[in-house]
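Asker: sequence first, then the predicted structure, then my questions.
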Amino acid sequence: MNIIFGGLIGYIGFLMVSKTEWLMENFGRIGFFEQHLSSEGGSRLGYKLAGVLAIFIGVLMITGLVDNLLGWLLSPLTSHVQPL
């Protein structure tokens, strides 16, 4: 099941990267990206970054590494917890 969902998320990310202009025409500009990424392309760059992130998450889901990555990212928060 992870392979199907990971492939779907990766494909959506690929479409976000390749069809950025279509996203701009149909969904418009995003204020956050325009404010913080205005000199590098604004919303277009934001859509592409979101697409690349979706591809990365999709690949992690396909390979089964999502749990390992989340465990590593959250380890500073959970390392000091004492077992009962």
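Answerer: Nice, thanks for sending it over.

Asker: hey, let's count contacts and neighbours off CA atoms from now on
Answerer: Noted.

Asker: quick check: Ser18 vs Val52, distance?
Answerer: In this view, Ser18 and Val52 are 10 Å apart by Cα to Cα, to the nearest Å.

Asker: tell me which of those two has more neighbours.
Answerer: Of the pair Ser18 and Val52, Val52 is the one with more neighbours under other Cα atoms under 10 Å, namely 19 against 14.

Asker: which helix or strand contains the nearest residue to the more buried one once chain neighbours are set aside?
Answerer: Among residues not flanking Val52 along the chain, Gly13 sits closest, at 6.0 Å (Cα to Cα, 6 or more residues apart in numbering). Using DSSP states H and E, Gly13 sits within helix 2-18.

Asker: please enumerate the helices of this protein.
Answerer: 2-18, 20-27, 31-36, 43-63, 66-78 (DSSP state H).

Asker: could I get the buried residue list for the helix holding Gly13?
Answerer: Applying a neighbour-count criterion of 16 or more other Cα atoms under 10 Å, one finds Gly6, Gly7, Leu8, Ile9, Gly10, Tyr11, Ile12, Gly13, Phe14, Leu15, Met16, Val17 buried in helix 2-18.

Asker: what of stretch 44-52?
Answerer: Buried residues in stretch 44-52 (16+ other Cα under 10 Å): Arg44, Leu45, Gly46, Tyr47, Lys48, Gly51, Val52.

Asker: circling back to that earlier point, quick check: of the buried residues of helix 2-18, which lies closest to Thr78?
Answerer: Gly6 (26.7 Å; Cα to Cα).

Asker: my guess is the closest one contacts Met61. True?
Answerer: Yes - with contact defined as Cα atoms under 8 Å, Gly6 counts as touching Met61 (4.8 Å).

Asker: just want the most central residue of this protein.
Answerer: What sits nearest the mean C-alpha location of the chain, by Cα atoms, centre = their mean, is Leu53, with 2.7 Å.
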